[in-house]
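S.K.: Got a predicted model here, sequence first, then my questions.
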Amino acid sequence: GAVVPPPPGAAPAAPAPAPAAVLGANETPVMPKVADGIPVRYVDVASPWLREVGAHPRGTRYVAAAVGRVLLTYDDAKSGIVHTEEYEMVLSPLTELADVDKAIDVDYDDRDMLDAPLDPLPYQLCDAPIANKTFWTKLQRDLVDSLQRSRKLSVPANKELKLAARPGETDAEFADRCRTAADERADADAAKLKDKYATKINRLSDQMKTAEGRVNVLEQQKSASRNNELLSAADSILGGLFGGSRSRRSTMSSITRAANNRGRTSTVSQRVTEASGKVQTIADQLAEAQQQCQDELQAIDDKWGKIADTITTLDIPLGRGDVDVKQLVLAWLPVAD
């Protein structure tokens with residue numbers, strides 16, 4: 001039982017072969033066949049999302065997964081919104097009836113996908129017919145249908161102003177944009193009042209100026225007539241008092257004429273009163289028109305201010321042509337027991 005050393009000059013014995021890896025019942029040392037045209041990748045163990053999908057950096061076997069990148073385009077003609085975003089997912093394990101609704105959202109980089117494995121791990125067989133092109137065609141179609149059903153872009157919107165928030169626009173910025181648009185609409189409505197009130201207010205203003213001019217003329221006539229009558233009567237009275245009987249009679253006649261003249265002055269005063277009343281009437285009409293205009297302007301301002309503050313939510317769904325599968329690969333994930 002003793003170990004006999006090799007004779008002098010003999011070649012050293014070859015090292016004993018390493019024991020073969022023990023494979024599980026559903027494992028194979030070679031990669032299963034994959035349908036033609038389907039890229040094959042190996043997920044880098046340094047990928048930050050590795051554990052999110054059930055993988056492990058010190059995995060002992062590879063499990064098949066479908067990894068996809070999809071471009072989503074949200075397009076709404078009425079609001080003018082065209083917004084694109086990328087959706088990336090991992091679906092594992094793969095089964096014959098793969099359910100894409102169970103896919104896990106990830107944010108992967110192309111550098112997370114390797115063309116060759118870092119470690120020679122065995123492959124776990126899966127139920128999914130990954131060697132059949134029809135399996136991948138159906139998987140892609142199901143992915144598109146699922147995203148159409150489940151995804152939508154929801155943005156703040158103002159339906160009356162036909163505005164929607166742009167992607168990346170804050171609520172405050174959108175609210176400011178709504179107020180600016182509402183102010184422009186209010187200005188347009190206010191401009192329409194010009195035709196309604198400009199002619200009326202200008203006409204009343206002209207009438208008021210004419211009426212005031214008439215009052216001034218009548219006031220001057222009244223003042224001149226009254227002064228002339230008083231001075232004439234005063235001269236007659238003074239002359240009659242000191243001019244004898246003839247002058248006395250003449251004075252009495254002058255006073256009578258002065259009294260008659262005062263009647264005419266009274267008539268002028270009545271005209272002044274009537275003219276002043278007309279000025280007041282026109283002034284009242286002008287003030288009423290100005291108040292009506294102000295009230296309508298305030299109503300316009302209130303209306304568009306309320307509209308500017310009425311912000312709801314616009315949901316933009318995905319159409320079939322809005323879902324574009326850019327990448328769909330079979331990726332092998334390292335998993336631990």
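M.R.: Alright, I've got the coordinates. Numbers count the residues shown, from 1 in each chain.
S.K.: can you give me how far stretch 282-295 is from the chain middle?
M.R.: In terms of CA atoms, centre = their mean, to the nearest Å, the centre of stretch 282-295 is set 39 Å apart from its chain centre.
S.K.: buried residues in it?
M.R.: Neighbour counts over stretch 282-295 (16 or more other CB atoms under 10 Å) mark I282, Q285, L286, A289, C293 as buried. For glycine as for every other residue, the C-beta is placed from the backbone atoms N, C-alpha and C.
S.K.: next one: stretch 95-114
M.R.: Along stretch 95-114, these residues count as buried under the neighbour rule (16+ other CB under 10 Å): A98, V100, A103, V106, Y108, D112, M113.
S.K.: Now the buried residues of stretch 282-295 in JSON lines, please, with extra columns for secondary structure and distance to A77.
M.R.: Compiled in JSON lines, the buried residues of stretch 282-295 are given as follows (DSSP: H, G, I helix; E, B strand; the rest coil; distance: CB to CB, whole Å):
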{"residue": "I282", "secondary structure": "helix", "distance to A77": "55"}
{"residue": "Q285", "secondary structure": "helix", "distance to A77": "51"}
{"residue": "L286", "secondary structure": "helix", "distance to A77": "50"}
{"residue": "A289", "secondary structure": "helix", "distance to A77": "45"}
{"residue": "C293", "secondary structure": "helix", "distance to A77": "39"}
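S.K.: Can you tell me which of these is closest to C126?
M.R.: Each of those was checked against C126 using CB to CB; the closest is C293, at 79.1 Å.
S.K.: hang on, the earlier thing: report the two of the buried residues of stretch 95-114 separated the most.
M.R.: When these are compared pair by pair using CB to CB, the farthest-apart members prove to be A98 and D112, with a separation of 21.3 Å.
S.K.: if I've got this straight, V70 is in a strand?
M.R.: Yes: V70: assigned to a strand according to DSSP: H, G, I helix; E, B strand; the rest coil.
S.K.: ok but D145 is inside a helix, no?
M.R.: Yes: per three-state DSSP, D145 lies within a helix segment.
S.K.: any idea how far it is from Q270?
M.R.: When distances are taken as CB to CB, to the nearest Å, D145 and Q270 turn out to be 94 Å apart.
S.K.: Kindly report the same for V82.
M.R.: Counting by CB to CB - V82 and Q270 are separated by 78 Å.
S.K.: How about the contacts made by G59?
M.R.: For G59, the set of contacting residues under the criterion of CB atoms under 8 Å, 6 or more residues apart in numbering consists of V45, L121, L333, P334, V335, A336.
S.K.: The second one and P334 touch, don't they?
M.R.: So that's L121. Yes: contact criterion CB atoms under 8 Å: L121 and P334 qualify, at 6.4 Å.
S.K.: overlap in contacts of these two?
M.R.: Listed as contacting both L121 and P334 by CB under 8 Å, 6+ apart are G59, T60, R61, Y62.
S.K.: Write a ChimeraX command that selects only the buried members of the contacts of G59.
M.R.: The ChimeraX command for the buried members of the contacts of G59 (criterion: 16+ other CB under 10 Å) is given here:
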select :45,121,333,334,335
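S.K.: Which residue ranges of the protein form strands?
M.R.: Secondary structure of the chain by DSSP state E: the strands cover 27-28, 40-43, 61-76, 81-91, 104-105, 113-114, 123-124, 152-158, 163-164, 312-317, 323-335.
S.K.: Deepest in the core, which of those strands is it.
M.R.: Scoring those by mean neighbour count under mean count of other CB atoms under 10 Å gives strand 163-164 as the most buried, with a mean of 22.
S.K.: gap between the lengthiest helix in the chain and the chain center?
M.R.: The helix that spans the most residues within the chain, counting by DSSP state H, is helix 171-241. Using CA atoms, centre = their mean, we find the averaged C-alpha position of helix 171-241 to lie 46 Å away from the chain's own average C-alpha position.
S.K.: Also stretch 47-66?
M.R.: Worked out by CA atoms, centre = their mean, stretch 47-66 lies 42 Å from the chain centre.
S.K.: and if you look at stretch 91-109?
M.R.: Worked out by CA atoms, centre = their mean, stretch 91-109 lies 35 Å from the chain centre.
S.K.: Can you give me the neighbour number for A128?
M.R.: Other residues near A128 number 21, with proximity taken as other CB atoms under 10 Å.
S.K.: Equivalent analysis for D119, please.
M.R.: Around D119 sit 11 other residues, with neighbours defined as other CB under 10 Å.
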